[in-house]
Each structure stands twice: as structure tokens, then as C-alpha cells.
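*Asks:* mind folding the following:
(one chain, ligands or ions: 1)
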Amino acid sequence: MTERQIRFNDGAAYEEMMGKWSRLAGDVFLDWLNPAPTLRWLDIGCGNGAFTQLLFDRCAPAALCGVDPSEGQLAFARTRPVARLADFRLGDAQALPVPDAGFDAAVMALVIFFVPEPARGVAEMLRAVRPGGLIAAYAWDIPGGGFPLEPFQDEMRAFGIEPLRPPSADVSRIEALGELWTEAGLRAVETREITVERAFPDFEEFWRVGLLASVLSSSIDAMAAADVARLKERVRARLAPAGRGGVSYRAKANAVKGFAPD
Ligand SMILES: C[S@@+](CC[C@H](N)C(=O)[O-])C[C@H]1O[C@@H](n2cnc3c(N)ncnc32)[C@H](O)[C@@H]1O
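*Replies:* Numbers count the residues shown, from 1 in each chain. Have a look, this model is predicted:
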């Protein structure tokens, strides 16, 4: 039996499906962080570089390093304009391939719930930043139904399909993020919710884009055609109309920030 696990290996499909959501939420996250310019940034779980590009576009970084365990995602990241500055490295959040205290800020955008032991991930962020450095993350509120693919996954339950979840989904609760940061010894810890809305020209586009996610397609491909048609109608009924035949969906993330001790 194949292990049911969420995999990221197609940077272009990721871009169309999750990259756009990542930018919507990443913009709000960066407004909230309000970082100084010319920081040295470490983007952990940088994936296809969606958030790394946003750091480049908005934060005038002095240096950028992106780390991710997926070569497929990193290959796409290396095609972006940010690659002029960024050093993209293969690696894991729990054993970062970076020296101690080499960065001013370490961030995880939509990643902490993939880290098997989130506390080890935060300890690594702490090791990687200088004293007083910024450590921050945001993640879809999976237990709170905030994941952008929630209408698909929730309706799939009616067909006996339990959604695939990242290994540490529970850490995306706002209280859990706050506790994780506080227990790591970070200072001035703050949390906030981030709600973002994405509009689609019509429902067919919402459906097509959703199915680019392997987390869905792996289950839907195994369903009988009649069940897929019923699922589609159930998902359609969950969406808000957005004028001129369009639809929109609102997703919710939780964010946390704090500073390394001096
Ligand atoms: C939802 S994507 C987020 C990508 C990017 N940060 C963004 O905002 O679009 C999650 C990423 O986490 C990466 N990932 C999964 N497990 C990881 C781990 N243990 N350490 C670091 N990154 C991990 C995946 O390869 C994937 O690229």
C-alpha cells in the first residue's frame, strides 16, 4: 500500500493553485511584520519561491536564503527574478543547512504544519538568527476549517474519504502557535488571524485549480465518475457568488511573530 502523504514536486502547478493564495496571505503577513529594509532573510520551506519572491519585491533584502526538501519546487524557485539574489538550498526545517546566527529574520510561510516536530523547527530558526532576530510564521488554520481546499475536503467526507492532513496540522491553531513561540523562549510574542478572499471567473475554474493540488487529485482520481459529479455539485453549493458568474472563497490563516533573546 502506498503511504498517503502530501507531496510537493510540481512548482508550476503549485504556483497556479497555492502560490496565488500564498501571495494574498503573505502580503497581509508582511504588512503585519513591517520589517526594516536590508535584512538578511531565511525563508524555510520556501517551496517554489512564492513567498521568497514577495520578500524580494517588498522588503529590499540584503540577502535571501530559501531552504526546502523538494528539488521540484526549488527548480521552479530558481527561475524567478528573486533568484538573482536568493541562494536556494535543499534542506529540512529540523536540520537547517545554514550557520548559526547568520540571519536577521527567519520565516516559515505555510510550512510549520509540515514539520514533524515543530518545536525542533523553531529551535532551528532560533539558532539561525542573530540575537534579537525576528522569527515568524503563518499557516492555514486547518483545524478551524481555514484551508483553501476545505470545501473539497469537507465534502469528500460524505464519500468516506478522510482528508489528507499535514503531519502537524494541530499546530496551526492560533493558541498552539503562540505557545510554541513562547515555549521556545522568544520575546514579544504576538499572534493574529489572516483572512483572504480569492475570486475565480467561474466555478469551473475554481474546480480546475483545486484539482491541481495532488492532495485532492490523488483521492478524486480514485472515485467513480458518478461520485465525482455529485461531489462537484456539493462543492459548488459551498461557494459564494462573486458577480458576473464568478465565485469566491475565503481562507483563514494564523500568524505568529517574536524575537530571539538578546
Ligand atoms: C504549502 S508549501 C509553502 C511554500 C512557500 N513557503 C509558499 O509560501 O508558497 C509547503 C512547503 O513546505 C515544504 N516542506 C515540507 N516538509 C518540510 C520540512 N520538514 N522542512 C522544510 N520544508 C518542508 C514543502 O516541500 C513545500 O514546499
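*Asks:* which SS class is the residue in the stretch 1-150 of the chain that the ligand sits nearest to?
*Replies:* As assessed by Cβ to the nearest ligand atom, the ligand sits closest to G47 within the stretch 1-150 of the chain, at 2.8 Å. No exception for glycine: its C-beta is placed from N, CA and C like everyone else's. Applying DSSP: H, G, I helix; E, B strand; the rest coil to G47 yields a three-state assignment of coil.
*Asks:* next one, pLDDT for it please.
*Replies:* pLDDT, G47: 95.
*Asks:* ok, now G185?
*Replies:* The confidence metric pLDDT takes the value 98 at G185.
*Asks:* report the separation between the nearest residue to it once chain neighbours are set aside and the ligand.
*Replies:* Excluding its sequence neighbours, the residue lying closest to G185 (Cβ to Cβ, 6 or more residues apart in numbering) is P261, at 6.2 Å. For P261, the distance to the ligand equals 24 Å [Cβ to the nearest ligand atom, to the nearest Å].
*Asks:* list the contacts of P261.
*Replies:* For P261, the contacting residues are 131-132, 185-187, by Cβ atoms under 8 Å, 6 or more residues apart in numbering.
*Asks:* please redo it, this time with the cut-off set to 7 Å
*Replies:* 131, 185, 187 (Cβ atoms under 7 Å, 6 or more residues apart in numbering).
*Asks:* go through the helix or strand harbouring W207 and flag the buried ones.
*Replies:* For W207, the host element (DSSP states H and E) is helix 203-210. Residues of helix 203-210 classed as buried by neighbour count (16 or more other Cβ atoms under 10 Å): 203, 206-207, 209-210.
*Asks:* need the residues you listed in CSV (columns: distance to the ligand and pLDDT).
*Replies:* Rendered in CSV, the data for the buried residues of helix 203-210 read as follows (distance: Cβ to the nearest ligand atom, whole Å; pLDDT from 0 to 100):
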residue, distance to the ligand, pLDDT
F203, 24, 95
F206, 19, 96
W207, 20, 96
V209, 15, 94
G210, 15, 94
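*Asks:* re the thing from before, looks to me like the residue nearest to G185 is in a strand.
*Replies:* No: using three-state DSSP, the secondary structure at P261 is coil, not a strand.
*Asks:* what about the residue of the stretch 1-150 of the chain closest to the ligand, neighbour count?
*Replies:* 28 (other Cβ atoms under 10 Å).
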